[in-house]
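Q: Make a model of this:
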Amino acid sequence: MLYQRTLMGVSLIAAMAAVPVLAQEPLSEGWLGSETLQTPYGEFEFKNGYPVGDSAERLLDLELRNRAVEVYLTNMMAVSQKAVDEGLRAFGASKPNQVVIWEQLMDPATVLLTANTETVYALGTLDLKADGPTVVEAPAKMLGFLQDGLQRYLQDIGPLGPDKGAGGKFLVLPPDHGGDVPDGYFVVKSPTYSVMFAMRGFQVDNKTDEAVALMKQTRVYPLSTAAAPPPMQFMNGSNQKISTLFPDNFHYFELLAKLVEDEPLDSFGPLERAQMQSIGIQKGKPFAPDARLKALLSESARLGGAIARAQTYAYREKDPYYYAGKKWQGIPSGLTYTFAIDGAPQIDAKVNVYYMAAGNSPAMMAKNIGQGSQYLWTYRDAEGNYLDGAKSYALHIPPNIPAKAFWSVLVYDALSRSQLQTSQHLPSVSSYSSPVVNPDGSIDIAFGPEKPTNAGNWIKTVPGKGWFGMFRWYSPTEPFFDKSWQLEDIKPSK
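A: Residues are numbered from 1 along each chain as shown. Coordinates of the predicted model:
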């Protein structure tokens, strides 16, 4: 038997030896063998399937940079909210009972994304981790909202909220709250410990006094102190240098790291956390990048900011224009305030809006005839060119503007996305500014560095600065929504 097996083995070896050795089939096109890969980011060499020289190091740096840019773009709303909180704290409003009110309206001294010049603003923040369940007593006749620490909508305040414009007590619960909830409150549970509330009050007879007096009825206190709440402190933000703009440098990632550390782990999804961990941001661990990583993140923030600016000013994913054939933009079609489709966040659409705007509420986006507010904005003139502060333009507004409360046209700096700073106190024309009206009810507005001799309404611009215009309708009526009334484009003028 052993002899037979040996013969069989010998026969098998001989048979195998007789089979000719075939050359390995070449791999399909696209596999990296011995070649140089040409890319927009440089050349990367491979030999026998292995990266050569510094190719691996540069590719891994490229991957890290791409991750950092995605972290920048994906978390822009959250970091923007954190920057507003940081700006308020720097001004002195570091506690929930400290509320900033712009008593003489919001002016260009405050750098705040696309704030208006017509309503009285009030802003404040809650710290549910320190204070637990917190009460916000909102006055009547306000229009506002509560949003969580990632700038996500929680609740409306005002006509479209549960108080129906009559004011009331909102009880904001922390994410880990499990106790009983007392009666007599509009209950809001936040998924984050930090919460921001914003309210807007309306002028009466072109004066802010009544709105300011109402806003100073606001009370904010921990539920545990309801029997004897701490006194309120109101700070006037008008004509004060307050900066709330999120950065496009390394500090952006520092703000994000602070937010990650302060909020519950599940405030961010698993993929978001994985991307952040790859650049050194992880809950429970210090964010302390070495000099090399810090330089890469600084560069990535600049690149992320540049991409965000392109997404905002040259959006190409969907048609952003509200009127066919015109340059006025609105929220990209098919989206609600959640900026999601089938539950998937639309990152580019979010960046398109929230690089230049702040505040997230259905009342600002949904169709509410005679209530809430609507907005259109334009970066380009009728010819499709970006608006230039050195040039002159004209806007003709047809009569019967569909706004029950008020309308306004406001100019913003394309760099800061905040009110354009000029020698004019307020860079706007509105139904509150006593505009010159034509005999047929239409209104003409001139834009440019010098006021034309025949201009009744003029907004000053600055050579060397790009600008964009935003039109607001407060309590818009049906002609805005059905587009039977349309805003004309801003046209170049001599």
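Q: Contacts only, for the residue nearest in space to the middle of the chain.
A: Closest to where the C-alpha atoms of the chain average out (C-alpha atoms, centre = their mean) is residue 354, at 2.3 Å. Contact analysis of residue 354 by C-beta atoms under 8 Å, 6 or more residues apart in numbering lists 76-77, 80, 151. From N, CA and C alone the C-beta is placed, and that goes for glycine too.
Q: try 6 Å this time
A: For residue 354, the contact set (C-beta atoms under 6 Å, 6 or more residues apart in numbering) comprises 76-77.
Q: ok, it to residue 74 distance?
A: To residue 74, residue 354 is 11 Å away according to C-beta to C-beta, to the nearest Å.
Q: ditto for residue 422
A: From residue 422 to residue 74 the distance is 35 Å (C-beta to C-beta).
Q: Could you tell me the model confidence score at the residue nearest to the centre of the chain?
A: We have a pLDDT of 95 for residue 354.
Q: Could you do residue 338 as well?
A: At residue 338, pLDDT is 88.
Q: same deal with residue 442?
A: What the model reports as pLDDT for residue 442 is 98.
Q: Low-confidence regions, the stretch 201-350 of the chain specifically.
A: Scanning the stretch 201-350 of the chain for pLDDT under 70 picks out 317-318.
Q: where exactly do the strands run in it?
A: For the stretch 201-350 of the chain, the strands defined by DSSP state E, counting those that start in this stretch cover 219-222, 233-236, 242-243, 340-341, 344-345.
Q: which one of the ones you listed lies closest to residue 485?
A: strand 340-341 (29.7 Å; C-beta to C-beta).
Q: from the chain's centre, how far out does the closest one sit?
A: Offset of strand 340-341 from its chain centre (C-alpha atoms, centre = their mean, to the nearest Å): 16 Å.
Q: before we move on, what about stretch 292-305?
A: Taking C-alpha atoms, centre = their mean, one finds stretch 292-305 lying 20 Å from the centre of the chain it belongs to.
Q: what's the answer for stretch 427-447, then?
A: Mean-position distance between stretch 427-447 and its chain equals 30 Å (C-alpha atoms, centre = their mean).
Q: any residues touching that stretch, and which ones?
A: 117-118, 203, 206, 393-399, 406-411, 419-420, 452, 455-459, 461.
Q: which parts of stretch 82-99 are buried?
A: 82-88, 91, 93, 95-99 (16 or more other C-beta atoms under 10 Å).
Q: can you redo those as TSV with distance to residue 33?
A: Converted to TSV, these look like this (distance: C-beta to C-beta, whole Å):
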residue	distance to residue 33
82	48
83	48
84	53
85	53
86	52
87	55
88	58
91	61
93	62
95	64
96	63
97	68
98	65
99	66
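Q: JSON lines for the residues you listed, including pLDDT?
A: Listed next are the buried residues of stretch 82-99 as JSON lines, based on pLDDT from 0 to 100:
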{"residue": "82", "pLDDT": "97"}
{"residue": "83", "pLDDT": "98"}
{"residue": "84", "pLDDT": "97"}
{"residue": "85", "pLDDT": "97"}
{"residue": "86", "pLDDT": "97"}
{"residue": "87", "pLDDT": "97"}
{"residue": "88", "pLDDT": "97"}
{"residue": "91", "pLDDT": "97"}
{"residue": "93", "pLDDT": "97"}
{"residue": "95", "pLDDT": "95"}
{"residue": "96", "pLDDT": "94"}
{"residue": "97", "pLDDT": "96"}
{"residue": "98", "pLDDT": "98"}
{"residue": "99", "pLDDT": "98"}
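Q: and those residues, which two are the farthest apart?
A: Spanning the widest gap among those are 83 and 97, at 22.0 Å by C-beta to C-beta.
Q: can you pull the contacts of residue 260?
A: 281, 283 are the contacts of residue 260 under C-beta under 6 Å, 6+ apart.
Q: Over to residue 138?
A: 157, 167 are the contacts of residue 138 under C-beta under 6 Å, 6+ apart.
Q: hmm, 10 Å instead?
A: Residue 138 is in contact with 122, 144, 146, 157-158, 161, 163, 165-170, 186, 197, 199, 214-215, 217-220, counting by C-beta atoms under 10 Å, 6 or more residues apart in numbering.
Q: Run through who's touching stretch 277-289.
A: So stretch 277-289 is in contact with 63-65, 67-68, 70-72, 75, 250, 253-254, 256-265, 267-268, 273-276, 290, 293-298, 300, going by C-beta under 10 Å, 6+ apart.
Q: at 7 Å instead, please
A: 64, 67-68, 71, 253-254, 256-257, 260-261, 265, 276, 293, 297 (C-beta atoms under 7 Å, 6 or more residues apart in numbering).
Q: shouldn't residue 139 be in contact with residue 167?
A: Yes: assessed by C-beta atoms under 7 Å, residue 139 is found in contact with residue 167 at 4.8 Å.
Q: on that earlier part again, please narrow the contacts of residue 138 to those residing in strands.
A: 122, 144, 146, 157, 168-170, 186, 197, 199, 219-220 (DSSP state E).
Q: for those, which one is nearest residue 39?
A: With C-beta to C-beta as the yardstick, the closest approach to residue 39 among the ones in strands among the contacts of residue 138 comes from residue 146, at 46.6 Å.
Q: and the closest one, how many neighbours?
A: As a burial measure, residue 146 scores 24 neighbours (other C-beta atoms under 10 Å).
Q: so what's it bridging to?
A: Residue 146 has the following beta-bridge partners by DSSP bridges: residue 155, residue 197.
Q: Show the contacting residues for it.
A: 154-155, 157, 170, 172, 188, 195, 197.
Q: what about residue 73, how many neighbours?
A: Neighbours of residue 73 (other C-beta under 10 Å): 19.
Q: do the one 5 residues further on as well
A: By other C-beta under 10 Å, the residues close to residue 78 number 25.
Q: Contact partners for the nearest residue to it once chain neighbours are set aside?
A: Distances taken as C-beta to C-beta, 6 or more residues apart in numbering put residue 150 closest to residue 78, at 4.1 Å, once the chain neighbours are dropped. Residues in contact with residue 150 (C-beta under 7 Å, 6+ apart) are 77-78, 81, 192, 267.
Q: Likewise for residue 114?
A: Per C-beta under 7 Å, 6+ apart, neighbours of residue 114: 356-357, 412, 417, 470.
Q: Those in strands, which ones?
A: Short answer: those in strands (DSSP E) are 412, 470.
Q: quick check, nearest of the contacts of residue 114 to residue 106?
A: Relative to residue 106, the closest of the contacts of residue 114 is residue 412; by C-beta to C-beta it sits at 12.0 Å.
Q: bridging residues for the closest one?
A: Beta bridges link residue 412 to residue 419, residue 468 when assigned by DSSP bridges.
Q: ok, now residue 123?
A: Assigned bridge partners for residue 123, using DSSP bridges, are residue 100, residue 198.
Q: Just the local confidence number for the residue nearest to residue 78, please.
A: 97.
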